[in-house]
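Asks: quick check, what structure comes out for this input:
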Amino acid sequence: MAFQQGLSGLASSSKALDVAGNNIANASTVGFKSSATHFADVYGASLQGGGGSQIGIGSTLSGVLQQYTQGNITATNNPLDIAINGTGFFGMSQNGSTSYTRNGQFHLDKNGLIVNDQNRSLLGVLADPTGAIPQQPPTDQLKVDFVTGTPNPTSTASVTANLDSRQTPPVLTTFDPTQPTSFNSSTAMTVYDSLGNPHTLSYYFVKTSTANEWSQYTRLDGNLPVGMTAATEVPDRLVFSPTGVLTASYFQGSATATTIPGVLPNKQFAVTTGATTPLTFAINIPTMTQFGSPFAVNDLTQNGFAPGNLAGISVSKDGIVQARYDNGQVRNIGQVALFNFRNPNGLTSIGNNQWTETGDSGQPTPGNPNTGIFGVLQASAVEESNVDLTAELVNLIVQQRNYQASAQSIKTQDQILQTLVNIR
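Replies: Presented below is the predicted three-dimensional model:
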């Protein structure tokens, strides 16, 4: 039996060396999980049963189990590199098959899909048109639009500014936007028509002879509102309280104040770009003030935008993928999903840091990052291999000694048999 015992020892040590060698070879493989060899002794079956005199016939490999301990997190420069800090696997789809991985090195393909180096698509839930994430099974392939699509014409333009209460009526009593002495202050912002063409909306503020009262004139690309000429133009009228708060606003000479001070009805301007004309939008200035300090614009906002090209991508710790466009728009693309298994060691490795489910692993349980048992995501980072290189090198030495010892037992048995053969 010594030959069989020695051979089994050689085979066991050889397999342990293979596993250690594989671990060492993948010490720098992102998302790799090291393996450990499990061995068992072997006894011959006997009709007489066991007993104190039973001698084993060697060892056998009982299993190679992967160690799903956390690897170190290392920062990178790719916003689509995603590390899982905690429990869970990424779900990857290709041609209808699903695999699972801890390797979060992703990029965009030509169609905008978030894929890995094997062109497997990252799974999650796509956002609806409003940017909300539906509560549904995470079976969507996450896809980023390279452009924002249909332009959105401006429907609201808002200004927050302070008008200097110390100002006096301008020298020129007839307003002329080309004459700076005919108005006290001005500012401008960009608005968009239905084709996404930009237009310059200008505001001019004129102090009247009435205390705490100002006139507001508007121009779009230098043009007056629809239905007005320079001779017939009537401005909006703004009335402030003695404490500098806007208390009333009158739209284009109306004798009745607007319901909400500073929320003015729609302005209409003709456009000649081929877009819908007139361009109509509301002007909101409810937080305008009149204090004894210089004219200052605190905020200019509007809700229109032109088509934009993709400028950047970010991923939150909860897995929300956002796309930023060069027109200033930020859109939720979707949410990355994570998957967990009752028995991860039941998964079958298919290479490239991918696993597939089996009957032993159980079915995948999906969930959102940073909830329940699932880990937190970290963008612009990867999870390093969890191989302990020092321990593996020591293990190589141990298995080498075991291999030599098993070989020595075979050599010794051979010498004993040779001695028996030589008896005369």
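Asks: residue contacts, the nearest residue to Leu163 once chain neighbours are set aside?
Replies: Sequence neighbours aside, Gln290 is the residue nearest to Leu163 in space, at 4.7 Å (criterion: Cβ to Cβ, 6 or more residues apart in numbering). For the C-beta atoms, the positions are set from N, CA and C on the backbone; glycine is no exception. Contact criterion Cβ atoms under 8 Å, 6 or more residues apart in numbering gives 162-165, 212, 214, 240, 244, 246 as the residues in contact with Gln290.
Asks: which helix or which strand is home to Gln290?
Replies: strand 289-291 (DSSP states H and E).
Asks: returning to that earlier point: which one of the contacts of Gln290 sits closest to Met228?
Replies: Using Cβ to Cβ, Trp214 comes nearest to Met228 of the contacts of Gln290, at 18.8 Å.
Asks: the closest one contacts Asp164, doesn't it?
Replies: No: counting by Cβ atoms under 8 Å, no contact exists between Trp214 and Asp164, whose distance comes to 10.3 Å.
Asks: now the strand holding Gln290: average pLDDT?
Replies: Strand 289-291 comes out with an average pLDDT of 97.
Asks: so how far is that strand off the chain centroid?
Replies: Here the centre of mass of C-alpha atoms in strand 289-291, compared against the chain's by Cα atoms, centre = their mean, to the nearest Å, lies 42 Å away.
Asks: thinking again about what came up before, which of the contacts of Gln290 are buried?
Replies: 162-165, 212, 214, 240, 244, 246 (16 or more other Cβ atoms under 10 Å).
Asks: max pairwise distance over the residues you listed: which two?
Replies: Between all members of the buried ones among the contacts of Gln290, the longest pairwise span (Cβ to Cβ) is found for Asp164 and Leu246 and amounts to 14.6 Å.
Asks: now for Thr173: which residues touch it?
Replies: Under the contact definition (Cβ under 8 Å, 6+ apart), the residues listed for Thr173 are Ser182.
Asks: helix/strand/coil for it?
Replies: Reducing the assignment to helix, strand or coil with DSSP: H, G, I helix; E, B strand; the rest coil, the entry for Thr173 is coil.
Asks: quick one: Val191 and Thr154 touch, right?
Replies: Yes: contact criterion Cβ under 8 Å: Val191 and Thr154 qualify, at 3.9 Å.
Asks: who touches both of these two?
Replies: Counting by Cβ under 8 Å, 6+ apart, the residues touching both Val191 and Thr154 are 279, 281, 302, 304.
Asks: grab the most central residue of this structure for me.
Replies: With distances taken as Cα atoms, centre = their mean, the chain has Val315 as the residue nearest its mean C-alpha position (1.7 Å).
Asks: pretty sure that residue sits against Leu80.
Replies: Yes: in terms of Cβ under 8 Å, Val315 counts as a neighbour of Leu80; the distance is 7.3 Å.
Asks: which neighbours do the two share?
Replies: With contacts taken as Cβ under 8 Å, 6+ apart, the residues that reach both Val315 and Leu80 are Ala379.
Asks: what segments of the chain are helices?
Replies: Ranges of helices within the chain are 2-25, 389-421, based on DSSP state H.
Asks: on that earlier part again, what is in contact with Trp214 and Asp164 at once?
Replies: 184, 290.
Asks: can I get the helices of the chain in TSV with distance to Val226 and mean neighbour count?
Replies: Output for those, formatted as TSV (distance: least, Cβ to Cβ, whole Å; neighbours: other Cβ atoms under 10 Å):
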stretch	distance to Val226	mean neighbour count
helix 2-25	74	18
helix 389-421	75	13
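Asks: got those helices as CSV, with distance to Ser34 columns?
Replies: Listed next are the helices of the chain as CSV, based on distance: least, Cβ to Cβ, whole Å:
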stretch, distance to Ser34
helix 2-25, 5
helix 389-421, 8
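Asks: just put the ones you listed in a markdown table and tack on mean pLDDT.
Replies: As requested, the helices of the chain are arranged in a markdown table below (pLDDT from 0 to 100):
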| stretch | mean pLDDT |
| --- | --- |
| helix 2-25 | 83 |
| helix 389-421 | 83 |
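Asks: nearest to Gly334, out of those helices?
Replies: Ranking the helices of the chain by their distance to Gly334 (criterion: Cβ to Cβ) puts helix 2-25 first, at 35.3 Å.
Asks: relative to helix 389-421, how tilted is that closest one?
Replies: With axes from the mean of the first three to the mean of the last three Cα atoms, to 10 degrees defining the directions, helix 2-25 sits at 160 degrees from helix 389-421.
Asks: show me how far helix 2-25 is from its chain's centre.
Replies: Distance, stretch centre to chain centre, for helix 2-25: 44 Å (Cα atoms, centre = their mean).
Asks: before we move on, what about stretch 232-246?
Replies: The gap between the average C-alpha position of stretch 232-246 and the chain average comes to 46 Å, counting by Cα atoms, centre = their mean.
Asks: and that stretch, end to end?
Replies: Stretch 232-246 has an end-to-end distance of 26 Å (Cα to Cα, to the nearest Å).
Asks: got the residue ranges for the strands in the stretch 301-424 of the chain?
Replies: Here the stretch 301-424 of the chain has its strands, by DSSP state E, counting those that start in this stretch, at 310-315, 320-325, 330-336, 338-340, 348-351, 354-356, 365-367, 376-379, 381-383.
Asks: tell me which of the ones you listed sits nearest to Ser99.
Replies: It's strand 354-356; of the strands of the stretch 301-424 of the chain, that one is closest to Ser99 (Cβ to Cβ) at 4.1 Å.
Asks: check which helices and strands the closest one sits against.
Replies: Under the contact criterion of 3 or more Cβ pairs under 8 Å, 6 or more residues apart in numbering; DSSP states H and E, the helices and strands touching strand 354-356 comprise strand 97-101, strand 348-351.
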